[in-house]
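>>> Provided below are the primary sequence and the corresponding predicted coordinates.
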Protein chains: 4
Amino acid sequence: MNVRTDLAVEAAEFKQLGEQDGLLEAVSTGKIPVSRIRIVNENAARMTGKPMGNYATVFFNGAFSDDELFDLAVERTAEILGEFLKGASNVLAVGLGNAEMSADALGPKVTDRLIVSRHLKDQMPQIYRELALGNLSALRPGVLGQTGIETAELIRGAVDAVHPDAVLVFDALASRRVKRLCATVQISDTGITPGSGVGNHRARIDRHSMGVPVISIGVPTVVDAATLTADALQTIQKSHRELQPITEEWAEDEGDRIREALGGYENNLIVTPQDIDALIDRVAKLLAEATNAAVHKGLDREQMDALSGA
Amino acid sequence: MNVRTDLAVEAAEFKQLGEQDGLLEAVSTGKIPVSRIRIVNENAARMTGKPMGNYATVFFNGAFSDDELFDLAVERTAEILGEFLKGASNVLAVGLGNAEMSADALGPKVTDRLIVSRHLKDQMPQIYRELALGNLSALRPGVLGQTGIETAELIRGAVDAVHPDAVLVFDALASRRVKRLCATVQISDTGITPGSGVGNHRARIDRHSMGVPVISIGVPTVVDAATLTADALQTIQKSHRELQPITEEWAEDEGDRIREALGGYENNLIVTPQDIDALIDRVAKLLAEATNAAVHKGLDREQMDALSGA
Amino acid sequence: MNVRTDLAVEAAEFKQLGEQDGLLEAVSTGKIPVSRIRIVNENAARMTGKPMGNYATVFFNGAFSDDELFDLAVERTAEILGEFLKGASNVLAVGLGNAEMSADALGPKVTDRLIVSRHLKDQMPQIYRELALGNLSALRPGVLGQTGIETAELIRGAVDAVHPDAVLVFDALASRRVKRLCATVQISDTGITPGSGVGNHRARIDRHSMGVPVISIGVPTVVDAATLTADALQTIQKSHRELQPITEEWAEDEGDRIREALGGYENNLIVTPQDIDALIDRVAKLLAEATNAAVHKGLDREQMDALSGA
Amino acid sequence: MNVRTDLAVEAAEFKQLGEQDGLLEAVSTGKIPVSRIRIVNENAARMTGKPMGNYATVFFNGAFSDDELFDLAVERTAEILGEFLKGASNVLAVGLGNAEMSADALGPKVTDRLIVSRHLKDQMPQIYRELALGNLSALRPGVLGQTGIETAELIRGAVDAVHPDAVLVFDALASRRVKRLCATVQISDTGITPGSGVGNHRARIDRHSMGVPVISIGVPTVVDAATLTADALQTIQKSHRELQPITEEWAEDEGDRIREALGGYENNLIVTPQDIDALIDRVAKLLAEATNAAVHKGLDREQMDALSGA
C-alpha cells in the first residue's frame, strides 16, 4: 500500500502492532493526551519503518482556538522534552527545513523564536547567572539544494564547536491522517532524516552520527497526496464487503491507478490546510515556548516573553 | 459529484458539452496551445457553472524549465490580453488574494511586478511621452478578513478615482486536474468572484458591478482535496465495468464517504505542488511581463526589465 | 535652518513658541509623560509649519525593555486615542507607507495586527454581539509609486464604502532628535500628508478631504541626515560664543555646506537606529494593542491576544 | 577623529598615505573604474587600520539605472574575483549578516542567488559534467545573537566538511562617504571580521583561522552617523582658515560634542539611503551574477538565468 507517515503512532495503528510484536504503547488521556510508544526490537522497527527507541506524541487539537489549552500544550510538551533531555544543560537546537517553502518552514521558524543564550555566558555573565539561563545555541542549516552540503555535516560542524550535551532537531513531518496536521507533536530519541517530510531522504542525524544524544521534535504539516487518495479508496472498500475479491485484485496495480489519477505529479503533490502559513507560525510558537521552558528552567513567563521579543 | 473547478475548459470537458448545448470551443495547437470557449446561452452557463462570455485558456506546461518557451508563453498571453483589452488605454490592474497565504498570493505578486505609470503622466510627462507608456495603475485590495470591507467595494472606489477603460483582475484559481496547476492561464471577460480559489465566495467583480469591462486573469494554484479524491475514485471505477451497478449506488453518499476519508477537514484542505511558493513567483513573472507588454506597447524588453527592476 | 520634523512638540521647542504666539502646551509627567499642544491661530500654524488643531504626544522611552512600562504605554495611548475618537463606533484604520521599505513600513505593520471586525457583524452576528466588538475596518493603500493612484483617493473610496464615524491614519514620521526615534507617538486631529515621513509630499488626508474626522497616529522612525548634521553643528556653535560672528556669516550658505558634506545625497539619506526593523515591529504592536483597546472596549487582554493571533 | 570605514581606499585617502608609507595604489579608469591597493608593511597596516594584503575596489556608480553599465560591473567584478580565486575550483561561499536587518542582509541575499552545485556532482553527474559546472557550496551562518555560536566556528565546521580551495565571504560594510553606499565593492585577500559593518566585532575569518585562502567581498551599505557628522564638521572647518586655532582646541573633546549632538545614540545610529532595501537587492544580484560567472566558467548568460531561477 502506498502509505507514508513519519509518525510512529500512525505506523503502529496501521499495522495494528502490539506488545507481542515488540511495540509497547501507553496512552495518557486528558485535555492534552500523550501517547508513548517504545519500539523494542528489530521486528517492530521493520514493520513500522521506524528505528528502535522511544516516541512520545502529544495531541493538541484545539489548542489554537483556546488560550488555556495552548498553555497546557506548551506545558506538557516542555515536560516531555525535559524527560528526553535527561538533565542536559548545554543544548544545541537545529531548525531543519527550507524557510522559503511554506509547509517546510517549521524548523527555521522555531529556532527564530528560541531564547539563544550560549554567547551571553561570556558577554553578560551577570545576567546569565541572575536569570539562571540554560545554555542554548541554535542552527538553521538550510537544505541541501541551498547549500550543496549535507545537513548532517553542517550540524556535525556545530556540534564540534559547541560540544552540547544534547541536540534538539525540529522538522516538519508528513502524516497519514489530515486530522493530525498541525495538531500533533512527536518527540523521539531516535534522531531524524532531514527532508523526510518533503520527500528527499538524506544522511541520518542521530546519536550515532553526532556523538551525542539527538532528540527530534516533529509536527506533521503535510499529507502526501497519494497517501490521502489511497486512504480514501480503502475507506470505501472497507464498507463494501462484496468488493473484497475485486479490491484484492486491485492491490497489485493500485499504485499505478493512483498515479494515473494524480496526473503524473504523485511524488511532490502535498495536501495541507489552506491556512498552512498561519498554522505553522502557531506551531512554531508552541514548540519554541516549550523548548525555552525546558532549557531555561529559571525563567517565569513574563521574563520569557521579554527575552524572546514576543 | 463533488467536483470543483474555476476553469471553463475543465467544466466543458467534464460535462462533455458541445455546440448544441451552447458551448463553442476552438483550440489552436503549437508549443503554447490556446483554447477559446464561448458560453453562448443560459443552458451552457448553468451546466458549466460559468457565466456567459468568452474564455481563453493558454497552456504553458514546461515554460519554467525552458527560457524560449517561457518567452513564447509571455507573448501568447500578451496577445490574448490585447484582444480582450480591445484598445483600452487606461487600465486598472487588481491583485486579488491574501499575500500571507502561499497558494493565494498570486494576485498581489503580479501587481508588485507591474510597471505602474499613471502617476508619471503628471510627474514625469516627458519620460511618459518618450517611452510611449500606457496608463497603468494597480491595486492590492487585500481580503475581507484583513480589511472588513468587501473587495468589490474597494475596487469600485479605485474605479471611481481612476476612471479606467478596463479593469484587469488577477487571482489564484482551483482546478480539477493537478496537471494544470501553475501551467494554465484563463483569461475571461466575465469577471470574477474573489476568494473562489480558496473557498470564500463574495460579491462578484464584473462589468455590471464596476461599470467598465472587467477582464479576469486566473491561474490554478490548488486542487480541492475532495475533488482530487473523487477524481481518483472515478478513474478506478471507470476501469472496472463490473463495478458500474455498485458505483451508481455509491453516487448518493459518495460525498459523505470522501468527507469521512478526509477526516472532517474537507472544506479547507488543498492539494498543491510541494514547491508552490517558487512556482507562484514564476507564474507572477509570466503574467506581469505579459501585462506590461500588452499595456506598454512602446517598450522593448530591455526597457521593460529596467522599469520593472528585474 | 535646515530642520525637518513632523512632531509638533519639536517644532514648538525649536521656535520657542508660547501662549502669546498662539501655541498652548500642557505636559503631564509620570512614567509615560504626555504633552498636549494646541495650535490656536494661523500665526502659530505658520511658525511651526503644523496645521491648527490638537496634538498629543506620548513619550514611551524604555517601554521595549520593561513589560510593565509597555503595558502602561499601551494604556495611555489607548486613553488618548479614546479622547480623540469622541465616541466614534465605526472606525476605518489606514496603514500608510511602503511595506517594502523598513523605515516606512510602520503603517502596514499596524493594520496587519488590528482586530478587524466590520465583516463579522453580518458573518458572525452572535459572536459580534457577545464580545461587544466595535466596528473596525482596515485599509493598506500602498504608496503612489506602487499604485499610480493618490493615496487620498483610495482612502476616499474606502470611506464611501464604509461610512465610518472617524478615520485613523497610521504613518511613520521624521523627527529632529534621535532620542525620539521609536520612542514617541503623536496623535492629532489635523490629518496627515502621506509620504511626509520619507520626503514625497502628496494630497492631504484630513477632515476636509475625507468628510469625516481624521485622526493621525504617527511615530518618528527616521531623522533626516541633513537635519542631524545641522543640529550637530548648532550644538557646537552654541558652546563657542567667540564663533558667533563667524557662524552668523555661515548661516547664509550653511545649507550648501551640509549638502557638500553629505556628498550630494542630502534629500534621501536617513538616519535610523541600526535595529530599525525590530523596533518598528514593537512600535506596531504597541499602536495596534492601543487601537484594539480603544475600539473594542468590551474585550479583555486574553480575548484580544486570541483574536489578534498574538 | 571619529572616523569609521571598512574600505581600504577611504582609509588611504583619509590618511593620505603613499608608497613611502608602505601603501601602493593603482587606479584603472573607464566606465567601471577599479582601484588596487596593496598594504605592504606593518606601518601602513597600522595607519589604515587594515591588515596587510591586497584590496581591489570596483566603483559602479550609476549601474542600477543603466543595464549596460550593470553588465559591465558584473563582468569587471567577475574578472577581479577570478584573479583573487587563482584557479580555485572548489569554492565555499559564506553570506554573513543578519537577514532580518535591512542594511545587514546583503550576505544572505547574495548566497540566496548563487548557483550552488556541489551536491549535483553526485546527484546529477551528467548535467554537472555537460554544463562544466564549478564546485560551489554556500553557507548562511546567521549572526551570534541568533545562534549563540561564533560565526567563525560555524564556517570552520563547513570548511571541514567541504574542504574548499577557497572561501568567499560576503558582507555589508560601513563607508565614510555616502557617495560610496551601494556603489562600491571591495574585494580583498585579508579576510573579514563579521559584524564590523554594524558594530559588533568578532573573531576574524581569514586564511589563518580557516586554513584556506579567504576572499572577502564587501559593499558599504551604511555610514556611521558619528562619522557623517564629524565629516560635515571637518568640511566646514577646512573652508574657514581663521578657525584653525579654535578647531585644534576642539579636536580634544570633539567626540563628546558629536555624541551630545547625537543625543546619546552614537553607537548604533546608521545613515542609509531611504530605499536601502531595494538597493541591497540590486547589489546582491550584481555580486551573485559575478560570482556565478567566476566559478561556473562554462555557463552562458541564458543558462545562468535558468539555473538561478532569475
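That came through, no problem.

>>> shaky segments in the stretch 101-250 of chain A?
A:195-202, A:235-250 (pLDDT under 70).

>>> Spell out, range by range, the strands that occur in it.
All strands of the stretch 101-250 of chain A, identified by DSSP state E, counting those that start in this stretch, fall at A:135-139, A:166-175, A:184-188, A:214-224.

>>> Please name whichever of those is nearest to chain C.
When the strands of the stretch 101-250 of chain A are compared by C-beta to the nearest C-beta, strand A:135-139 sits nearest chain C, at 17.1 Å. Placement of C-beta: from N, CA and C, glycine included.

>>> follow-up on the earlier one: quick one, which of the strands of the stretch 101-250 of chain A gets closest to D:Glu130.
strand A:214-224 (32.6 Å; C-beta to C-beta).

>>> Who are the contact partners of the residue nearest to A:Gln303 when sequence neighbours are not counted?
Nearest residue to A:Gln303, sequence neighbours excluded (C-beta to C-beta, 6 or more residues apart in numbering or on different chains): A:Leu131, at 6.7 Å. Taking C-beta atoms under 8 Å, 6 or more residues apart in numbering or on different chains, we find A:Leu131 in contact with A:296, A:298-299, A:303, A:307.

>>> Angles on the backbone of A:Leu131, please.
Dihedral angles phi and psi of A:Leu131 (degrees, to the nearest 10) take the values phi -80, psi 0.

>>> Redo the strands of the stretch 101-250 of chain A as JSON lines? Include distance to A:Met124 and mean neighbour count.
Converted to JSON lines, the strands of the stretch 101-250 of chain A look like this (distance: least, C-beta to C-beta, whole Å; neighbours: other C-beta atoms under 10 Å in any protein chain shown):
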{"stretch": "strand A:135-139", "distance to A:Met124": "13", "mean neighbour count": "26"}
{"stretch": "strand A:166-175", "distance to A:Met124": "23", "mean neighbour count": "26"}
{"stretch": "strand A:184-188", "distance to A:Met124": "31", "mean neighbour count": "25"}
{"stretch": "strand A:214-224", "distance to A:Met124": "28", "mean neighbour count": "27"}
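
>>> any chance of those in a markdown table, plus distance to A:Ala78?
Putting the strands of the stretch 101-250 of chain A into a markdown table (distance: least, C-beta to C-beta, whole Å) gives the following:
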| stretch | distance to A:Ala78 |
| --- | --- |
| strand A:135-139 | 13 |
| strand A:166-175 | 12 |
| strand A:184-188 | 11 |
| strand A:214-224 | 11 |
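
>>> related to what we said a few turns ago, check the contacts of A:Leu131 for burial and list the buried ones.
Among the contacts of A:Leu131, those scoring as buried are A:296, A:299, A:303, A:307 (criterion: 16 or more other C-beta atoms under 10 Å in any protein chain shown).

>>> okay if I get these as CSV plus secondary structure and pLDDT?
CSV is the format used below for the buried ones among the contacts of A:Leu131 (DSSP: H, G, I helix; E, B strand; the rest coil; pLDDT from 0 to 100):
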residue, secondary structure, pLDDT
A:His296, coil, 96
A:Leu299, coil, 92
A:Gln303, helix, 86
A:Leu307, helix, 84
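
>>> now stretch A:205-221, how far from the centre of its chain.
Averaging C-alpha positions (C-alpha atoms, centre = their mean, to the nearest Å) puts stretch A:205-221 10 Å from its chain's average.

>>> How far does stretch A:83-95 stretch from one end to the other?
21 Å (C-alpha to C-alpha, to the nearest Å).

>>> buried set for that stretch?
Within stretch A:83-95, the residues that count as buried by 16+ other C-beta under 10 Å are A:84-85, A:88, A:90-95.

>>> Can you tell me which of these is nearest chain D?
Taking C-beta to the nearest C-beta as the measure, chain D lies nearest A:Leu92 of the buried residues of stretch A:83-95, at 8.3 Å.

>>> related to what we said a few turns ago, just give me the closest of the buried ones among the contacts of A:Leu131 to chain B.
Set against chain B, the nearest of the buried ones among the contacts of A:Leu131 by C-beta to the nearest C-beta is A:Leu307 (26.6 Å).

>>> of all the residues in the stretch 51-200 of chain A, which ones are close to chain D?
Contacts of the stretch 51-200 of chain A with chain D, taken as C-beta under 8 Å from any C-beta of the partner chain, map to A:111-112, A:116-120, A:136-140, A:142, A:144-150, A:153-154, A:156-158, A:160-162.

>>> Please check the residues you listed and keep the buried ones.
By neighbour count, with 16+ other C-beta under 10 Å, these hold A:111-112, A:116-120, A:136-140, A:142, A:144, A:146-150, A:153-154, A:156-158, A:161-162 as buried.

>>> And the host helix or strand of A:Val94, what does it pack against?
Assigned by DSSP states H and E, A:Val94 falls within strand A:90-95. With contacts defined as 3 or more C-beta pairs under 8 Å, 6 or more residues apart in numbering or on different chains; DSSP states H and E, the packing partners of strand A:90-95 are helix A:106-112, strand A:135-139, helix A:151-162, strand A:166-175.

>>> of all the ones you listed, which lies closest to chain B?
strand A:166-175 (10.3 Å).

>>> Keeping just the C-alphas, turn the closest one into CSV.
What follows is strand A:166-175, C-alpha atoms only, in CSV (Å, rounded to 0.1, in the frame of the first residue of the first chain):
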residue,chain,number,x,y,z
ALA,A,166,22.2,17.0,23.5
VAL,A,167,21.0,18.1,20.1
LEU,A,168,17.3,19.1,19.5
VAL,A,169,16.2,18.8,15.9
PHE,A,170,13.0,20.5,14.8
ASP,A,171,11.4,19.4,11.5
ALA,A,172,8.1,19.3,9.5
LEU,A,173,6.7,15.8,9.1
ALA,A,174,4.2,14.0,6.9
SER,A,175,1.3,12.3,8.5
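
>>> So it, near chain B or not?
No - applying C-beta under 8 Å from any C-beta, one finds strand A:166-175 separated from chain B by no less than 10.3 Å.

>>> do you know how far A:Gln303 is from D:Ile270?
Applying C-beta to C-beta, to the nearest Å, the value for A:Gln303 to D:Ile270 is 30 Å.

>>> do A:Ala158 as well
For A:Ala158 relative to D:Ile270 (C-beta to C-beta), the value is 30 Å.

>>> Over to A:Ala103?
Applying C-beta to C-beta, the value for A:Ala103 to D:Ile270 is 36 Å.

>>> Please work out how many residues are found near A:Lys31.
15 (other C-beta atoms under 10 Å in any protein chain shown).

>>> Find the residue at the geometric middle of chain A.
A:Gly218 (0.7 Å; C-alpha atoms, centre = their mean).

>>> check contacts around it.
Taking C-beta under 8 Å, 6+ apart, we find A:Gly218 in contact with A:6, A:170-173, A:185-186, A:188, A:192, A:197.

>>> which residue does the stretch 51-200 of chain A bring closest to chain C?
Closest residue of the stretch 51-200 of chain A to chain C, C-beta to the nearest C-beta: A:Asp67 (5.5 Å).

>>> My read is that that residue contacts C:Ala306, right?
Yes - if you go by C-beta atoms under 8 Å, A:Asp67 and C:Ala306 touch, sitting 5.5 Å apart.

>>> These two - which one has more neighbours?
It is C:Ala306, of A:Asp67 and C:Ala306, that has more neighbours when counted by other C-beta under 10 Å, with 16 against 13.
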